[in-house]
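Engineer: Dropping the sequence and predicted coords here.
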Amino acid sequence: LIILNMGIFVLLIKVEMEGIARLSFAEGARWCVSLENQGERKENIYICPDEENEVEGGRGVANFVMKWPESKRQCNISIIDLKDITRNEYVAGDVDEFVPMVAFECRGCDIVDFKFQDPFTIESLGGFVFNDVELDDGEWADYDEENDESVMITSVESKIETHSGKGGKGGKGKKKKKKG
């Protein structure tokens, strides 16, 4: 019997927006993260909400499952909803605040970093929707012709925090910040 360490990790983002009402992750967006466990590190891991993988030993399913190359231990990650905490959008009133976007229940690994990889959906203050917006270089700008206004996102930041699990499905853990 192998007991895996478990934790809940929350991705928070902060951006500066001009002419934008909301930024949201596209439906079914993949989350690109870096993982660590006992000195091993794995970069550019994609966690997909639509994928379900069997967890070794008949312990159910998870959105992501892998074995660490050196230790041969399995880790798994499930995307979970932390009621009244996580949400899928960053709105104009959130500027200069870190907002919790998604939570992950992790067994046998820690999420230590996030990369803006998959496209986002952005809605201008005038209501025009921009689809497939890429923020991997940390900024984006365009022009809303329907409403004759420029739109821009700059200073894209993210961080990962551990969470106690209160307010949603999950276990217990210490609340601490991890820079990402």
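Structural biologist: Noted; the coordinates are in hand. Numbers count the residues shown, from 1 in each chain.
Engineer: wait, residue 81 sits on residue 105?
Structural biologist: No - look at residue 81 against residue 105 with Cβ atoms under 8 Å: they stay out of range, at 10.5 Å. No exception for glycine: its C-beta is placed from N, CA and C like everyone else's.
Engineer: More neighbours: these two, which one.
Structural biologist: Legend: neighbour count by other Cβ atoms under 10 Å for residue 81 and residue 105, higher for residue 105 (22 against 14).
Engineer: tell me the contacts of residue 12?
Structural biologist: 98-101, 158-161 (Cβ atoms under 8 Å, 6 or more residues apart in numbering).
Engineer: Tell me which strands the strand or helix carrying it pairs with, and in which orientation.
Structural biologist: Taking DSSP states H and E as the definition, one finds residue 12 inside strand 6-18. Strand pairing for strand 6-18, using DSSP bridges, gives strand 99-107 (antiparallel), strand 149-163 (antiparallel).
Engineer: how near is the closest residue to residue 91 other than its chain neighbours to residue 66?
Structural biologist: Excluding its sequence neighbours, the residue lying closest to residue 91 (Cβ to Cβ, 6 or more residues apart in numbering) is residue 22, at 4.8 Å. Distance check for residue 22 against residue 66: by Cβ to Cβ, to the nearest Å, it reads 33 Å.
Engineer: Also residue 81?
Structural biologist: Residue 81 is 23 Å from residue 66, by Cβ to Cβ.
Engineer: repeat for residue 144
Structural biologist: Residue 144 is 42 Å from residue 66, by Cβ to Cβ.
Engineer: quick one, which of those two is more surrounded?
Structural biologist: Regarding residue 144 and residue 66, a neighbour count based on other Cβ under 10 Å identifies residue 144 as having more, with 20 against 16.
Engineer: Does that one have any beta-bridge partners, and if so which?
Structural biologist: Assigned bridge partners for residue 144, using DSSP bridges, are residue 149.
Engineer: looking at it, it is touching residue 129, isn't it?
Structural biologist: No - the criterion here is Cβ under 8 Å, and residue 144 misses it with residue 129 at 9.8 Å.
Engineer: what touches both of the two?
Structural biologist: With contacts taken as Cβ under 8 Å, 6+ apart, residue 144 and residue 129 have no neighbour in common.
Engineer: got a pLDDT number for the closest residue in space to residue 146 that isn't next to it in sequence?
Structural biologist: Closest residue to residue 146 in three dimensions, ignoring its sequence neighbours and counting by Cβ to Cβ, 6+ apart: residue 128, at 5.0 Å. For residue 128, the pLDDT comes out at 98.
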